[in-house]
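Peer 1: All I have is the shape, not the residue letters:
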């Protein structure tokens, strides 16, 4: 048996956006009328989010909905207003540990549901994800071609960068001094 730590692979920022979109579909699913499992779907969002249309459709298909191209008895207009990624202040995991930052990913949008009786429902969603990631992993978690998966990386604290080498050098000096004073007696 291996004795060690198993570290799971950290999800990329885009994978987290996908899971937040699934959460928004779950929220909308709780409002949709299950007897009208067929509806027409309209996606209206800024151009940089247009490729997410397929993922949102897939989320509704997983909920056993039948998506139609033409207007039907039920209509769903899905809108993504904003997707953002940001990082909090950096911190250390232990005294000689790795640097970590808190990662925040937010998906904001709305959905308008209408049915054949001309009843409208509006749902606003603000899905948020928060965790801690190692600073060294951040470039691998971001997608260069998608600006909403990137953000400024905070610099590591200056004090802890200076404190560790001072402690190591001080410990070495004290060890050498004690070695020669004890051996000389």
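Peer 2: Received it, and whenever you're ready, just let me know what you need. Note that the structure is predicted; figures quoted are calculated from it, not measured.
Peer 1: Please report phi then psi for residue 182.
Peer 2: When read as degrees, to the nearest 10, the backbone of residue 182 gives phi -70, psi -40.
Peer 1: Give me the pLDDT for it.
Peer 2: Residue 182 carries a pLDDT score of 78 in this model.
Peer 1: do residue 167 as well
Peer 2: Taking residue 167 on its own, its pLDDT is 72.
Peer 1: what does residue 146 give?
Peer 2: Looking at residue 146, the pLDDT reads 90.
Peer 1: got a list of what it touches?
Peer 2: Applying CB atoms under 8 Å, 6 or more residues apart in numbering, we find residue 146 in contact with 14, 48. Backbone N, C-alpha and C define where each C-beta goes, glycine included.
Peer 1: redo that, cut-off 7 Å
Peer 2: residue 14 (CB atoms under 7 Å, 6 or more residues apart in numbering).
Peer 1: With residue 171 as the reference, measure out to it.
Peer 2: Separation of residue 146 from residue 171 (CB to CB, to the nearest Å): 46 Å.
Peer 1: Same question for residue 12.
Peer 2: From residue 12 over to residue 171 the distance is 40 Å, taken as CB to CB.
Peer 1: More neighbours: which of the two?
Peer 2: Taking other CB atoms under 10 Å, residue 12 and residue 171 do not tie; residue 12 has more neighbours (15 against 10).
Peer 1: what's the burial count for the residue nearest to the more buried one when sequence neighbours are not counted?
Peer 2: Of all residues not flanking residue 12 in the chain, residue 141 sits nearest, at 4.9 Å (CB to CB, 6 or more residues apart in numbering). A count of nearby residues for residue 141, using other CB under 10 Å, gives 19.
Peer 1: measure residue 141 to residue 87 for me?
Peer 2: The value you get for residue 141 to residue 87, if CB to CB is used, is 10 Å.
Peer 1: Surely residue 155 is within a strand?
Peer 2: No - assigned with DSSP: H, G, I helix; E, B strand; the rest coil, residue 155 falls outside any strand and is coil.
Peer 1: With residue 98 as the reference, measure out to it.
Peer 2: Residue 155 is 15 Å from residue 98, by CB to CB.
Peer 1: mind listing what's buried in the lengthiest strand in the chain?
Peer 2: In the chain, with assignment by DSSP state E, the single longest strand is strand 75-92. For strand 75-92, burial by neighbour count (16 or more other CB atoms under 10 Å) applies to 75-76, 78-80, 83, 85, 87, 90.
Peer 1: so how many other residues sit close to residue 144?
Peer 2: 8.
Peer 1: Look at the closest residue in space to it that isn't next to it in sequence and report its pLDDT.
Peer 2: Among residues not flanking residue 144 along the chain, residue 150 sits closest, at 7.5 Å (CB to CB, 6+ apart). Reported pLDDT at residue 150 in the predicted model: 91.
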